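Trainee: the sequence isn't on hand, but the structure is:
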């Protein structure tokens, strides 16, 4: 990305190809089910020509307004030092508002929580809808539901199982395969538009509006389903840090948007053609799997395979996105530390999180077995995505107002239409809560509860330990007056509050009765920016010749390596005698006078016990760590 | 990468050729044997090693089989379950074969890599053993530098490395490697951002802080854990050679020292014995002559001095061999001192004072050894004194302290501790005549008899030697 100008053109093309594989997989597989589902909402009394054109018009304009205008042209400019995504926007808004607005934190937490709902539905829905295409292959019409579910679950289990081995090696194929996929989408569409050229009327937005006004409640249900065409738009900004704005915008404008438009038009044309045929024979037109029917019989098996690959790639992008979102959430303190493994020695950022992986797989399989068809699942899909979009738009407003310093009126004027649209879609999807929309809401609520418990519990622990703690400056003074036995070397005490004495230091003095020649009280902080340059991370404040406090400030996307960053400071840990790291390990107890509700301290205790070892998270070699335990009553 | 692309191209060509042959010969071959033909390009691709092209070939063969052979031909349509099963079998066989073949390939590659590494280790060891310490270590370093990039040996006792080539991060990584004997720096878990990788030269359980620093690869790639492990072994071999060479050097030095000592001892013993016999004859004869001629008297004095030197040498030899076994008796110091003084031909310019109380209790000592000690002390005092030599004795608690002091130049305080060493004579002293063994014998004999001998500066500025002697058993104070 920071290559010489001569390479720019080449790398722009390469990055665009990469972006097509990662960013557009999700939105690119929407044609599999979006048009079908939207038509299904109004198919109760047979399908009319006006309905086909109207729904098509809604889909095309959703792509124009929501994706092209809002995401590609507007939100993609709103980056946090190049990074996008709901948590990056939250961090940016936090920075812009000085971190005092609770609403920012709540929005971020809600956005993250909803993302997990999205992350389990996307693989389940897209893979299942691709596998359902098998039924359209001549000779397979008789395939029963259990067989389809079996194939889909097999593919999903295999997909999640290979995550631990890293996907860097196969990810080079994602871009080319998706490019082929989009070309196929366009080709399929083009082939059918010629059959019914009047489908091009769908570009006229009046068709969309008249459809909505004439269909009442059904119109709202249809709108909820039409929204499926833009699911995955969130990825456009979430992956901006990897590819940069340019490749993402180019990929959309040059390849993805035209392909999707052509394909939806082709599906519409096919429906119109079938309508004409069925009208001629006098039977009402039944809804069908329009996407797969577009392909001639002989090519359908190949199309199903290609669709399956595309959905696997889309699912992979969502899984990777879930890891990266979790990683950011941990760094920003929203979630407890989880085990993170680097899967590639050469590429930093290729991570694997076993806990997240298996929980996602569990959720995905429950969804597949629970809903049993992609149509049933589509009802559940919209809520998570529209919810995230509402959050994103709200954060965008705060950023435009406080960070870009727009007049609130102008910011509101620009953003309110988008927000209204999001809320409109959200409302349309809320109608389907009972049909399955409660599932992502339940997942989001559970994640939200965990985030809230973690935030509250942590601040309660901090408050408790600073109440009970001894002030550091007084303690240091007392030690200079009556110094204990001094031993060679440097001791680093990890602490969360630099004003009080870390309990590990107290314990060490009490039980080992010795003090190192040099003692560093270290606090590791995460800044609301994605990256902090290595030379700017360390801030040292000497207290006297033996004690100093140090802050290590990381960005929420930075790989944390405490020893290296301490070592960058001249002579800090290169002195004779070696360096030992002292970590206090708190055990949470139910207190007599609880500061937070009992259930919350109970849940916090579980989260705390199961959170990953901080020393691993800080890249401190385990053989240099001394852990000293203490109890905290909540 | 290039070979992978070649494999993909070969797979396409192979499948295309087989598809052409099978589709033209389908009536002759029949469907089943044509299907088997498709295994050939897949097997060939798989045998080339990597899984990607093999899987690609398998899928491509499956698709081609479906398109060209399976009825309805020239469509991708799958007609009925039996067609699907033959397609599935083709793909499955292809996948399994390719997996097996590539596993075999991978295993072979690992084995040959391991063999290459142990060969390299052996080569390094052979190279080292051909050379002596310094040149061997240098050759080892250049051997490794040629293969892996710049290598530096950082011995211990260096608190700061050259900041020009080692940044603060590198310094810390080096300190970490020294202290914990871990591999640190570039490519490792500890401070991977450093520019160098540091390897300990000794195993973990040893206390030595020497390390080797290896520059990170110029190509920018990160060394794999296997490569680091191998490099660690190479560095350990280098360190072991360095250690064993250093040990060998120390051992040789010690052996030389011991040989010299033995020679000295044998010489002393033979001198003492073999010279004594003729000397006794000479002294006896001279004693007879001395009564008549003054020249003979002088010769007799010289012979007696020679005899004393001889007895010193003999004493030193006995001390050295550890064959001294004192026979303790009760001795009156007044007698012992007067024997010594009367025996000596008194120097006309030097007055000898004796301040030994007559009621001093008896001490416990070997009479022969004590005599020798006192003679040596007295000779020593006489040699350095200007005008006066004084004997004094007093009871000090459970011991009797006998001291002899002179008014000579005295012994500087910083040399007092070494004055009892063998062949030690005061610097700048022009007076000679002693064997250089006298005081060493005093010390050795005194120790053997359970006495302590100390030296300090006398009030007159000369030296004052004090012998603290145990009381004779049964003495009542």
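Mentor: Thanks, I have it. Since this is a predicted model, take the numbers as computed values, not measurements.
Trainee: let me know the average pLDDT across stretch A:494-509.
Mentor: For stretch A:494-509, mean pLDDT rounds to 88.
Trainee: can you tell me the closest non-neighbouring residue to residue A:48?
Mentor: Nearest residue to residue A:48 in three dimensions, chain neighbours excluded: residue A:275, at 7.9 Å (CB to CB, 6 or more residues apart in numbering or on different chains). No exception for glycine: its C-beta is placed from N, CA and C like everyone else's.
Trainee: in the helix or strand encompassing that neighbour, what's buried?
Mentor: Assessed by DSSP states H and E, residue A:275 sits inside helix A:257-281. Judged by neighbour count (16 or more other CB atoms under 10 Å in any protein chain shown), helix A:257-281 contains these buried residues: A:257, A:259-272, A:274-275.
Trainee: packing partners for it?
Mentor: Secondary-structure packing of helix A:257-281 (3 or more CB pairs under 8 Å, 6 or more residues apart in numbering or on different chains; DSSP states H and E): helix A:25-28, helix A:34-41, helix A:49-62, helix A:174-193, helix A:290-293.
Trainee: next, the angle helix A:49-62 makes with that helix.
Mentor: Between helix A:257-281 and helix A:49-62, the angle comes out at 170 degrees (axes from the mean of the first three to the mean of the last three CA atoms, to 10 degrees).
Trainee: got the angle between helix A:257-281 and helix A:174-193?
Mentor: 40 degrees.
Trainee: in the stretch 251-400 of chain A, where is pLDDT below threshold?
Mentor: Within the stretch 251-400 of chain A, the segments meeting pLDDT under 70 span A:344-349.
Trainee: name the SS class of residue B:188, please.
Mentor: coil (DSSP: H, G, I helix; E, B strand; the rest coil).
Trainee: got a pLDDT number for it?
Mentor: 85.
Trainee: go ahead and confirm it touches residue B:197.
Mentor: Yes: if you go by CB atoms under 8 Å, residue B:188 and residue B:197 touch, sitting 6.5 Å apart.
Trainee: what do those two both touch?
Mentor: Taking CB atoms under 8 Å, 6 or more residues apart in numbering or on different chains as the contact rule, residue B:188 and residue B:197 both touch residue B:228.
Trainee: higher neighbour count, the two?
Mentor: Neighbour count, other CB atoms under 10 Å in any protein chain shown: between residue B:188 and residue B:197, residue B:197 has more, with 31 against 22.
Trainee: for the more buried one, which residues make a bridge with it?
Mentor: residue B:185, residue B:214 (DSSP bridges).
Trainee: can you pull the contacts of it?
Mentor: Counting by CB under 8 Å, 6+ apart, residue B:197 touches B:183-188, B:213-214, B:216, B:223, B:228, B:231.
Trainee: what's the burial count for residue 240?
Mentor: Assuming you mean chain A. Using other CB under 10 Å, residue A:240 has 25 other residues around it.
Trainee: let's do chain B instead
Mentor: With other CB under 10 Å as criterion, residue B:240 counts 15.
Trainee: what helix or strand is it on?
Mentor: Using DSSP H and E, the element containing residue B:240 is helix B:225-290.
Trainee: helices or strands next to that helix in the packing?
Mentor: helix B:80-129, helix B:133-148, strand B:196-200, strand B:211-215, helix B:294-321.
Trainee: the inter-axis angle of the second one versus helix B:225-290?
Mentor: Angle between the axes of helix B:133-148 and helix B:225-290 is 170 degrees (criterion: the same axes, to 10 degrees).
Trainee: which positions within helix B:133-148 qualify as buried?
Mentor: Neighbour count says helix B:133-148 has B:136-137, B:140-141, B:143-144, B:148 buried, by 16+ other CB under 10 Å.
Trainee: so it versus helix B:80-129, what angle?
Mentor: Using the same axes, to 10 degrees, helix B:133-148 lies at 160 degrees relative to helix B:80-129.
Trainee: past helix B:133-148, which element shows up next along the chain?
Mentor: Following helix B:133-148 in sequence, per DSSP H and E, is strand B:151-154.
Trainee: packing partners of that following strand?
Mentor: Using 3+ CB pairs under 8 Å, 6+ apart: strand B:151-154 touches helix B:133-148, strand B:211-215.
Trainee: so what's residue A:313 up against?
Mentor: Going by CB under 8 Å, 6+ apart, residue A:313 touches A:21, A:25, A:174, A:177-178.
Trainee: now residue B:132
Mentor: Applying CB under 8 Å, 6+ apart to residue B:132 gives the contacts residue B:245.
Trainee: mind pulling up the pLDDT for it?
Mentor: Turning to residue B:132, the model gives it a pLDDT of 73.
Trainee: one more: the one 3 residues further on?
Mentor: Residue B:135 is assigned 78 on the pLDDT scale.
Trainee: tell me how far residue B:404 lies from residue B:413.
Mentor: 19 Å (CB to CB, to the nearest Å).
Trainee: with residue B:107 instead?
Mentor: 77 Å.
Trainee: then residue A:403?
Mentor: 81 Å.
Trainee: give me phi/psi at residue A:19?
Mentor: phi -60, psi -40 (degrees, to the nearest 10).
Trainee: what do you get for residue B:358?
Mentor: With angles defined as degrees, to the nearest 10, residue B:358 sits at phi -70, psi -20.
Trainee: between residue B:404 and residue B:413, which is the more surrounded one?
Mentor: Just comparing residue B:404 and residue B:413: by other CB under 10 Å the higher neighbour count belongs to residue B:404, 26 against 10.
Trainee: tell me which other helices or strands the helix or strand containing that one touches.
Mentor: Assigned by DSSP H and E, residue B:404 belongs to strand B:399-406. Where contact means 3+ CB pairs under 8 Å, 6+ apart, strand B:399-406 is packed against helix B:333-343, helix B:367-384, strand B:388-396, strand B:463-470.
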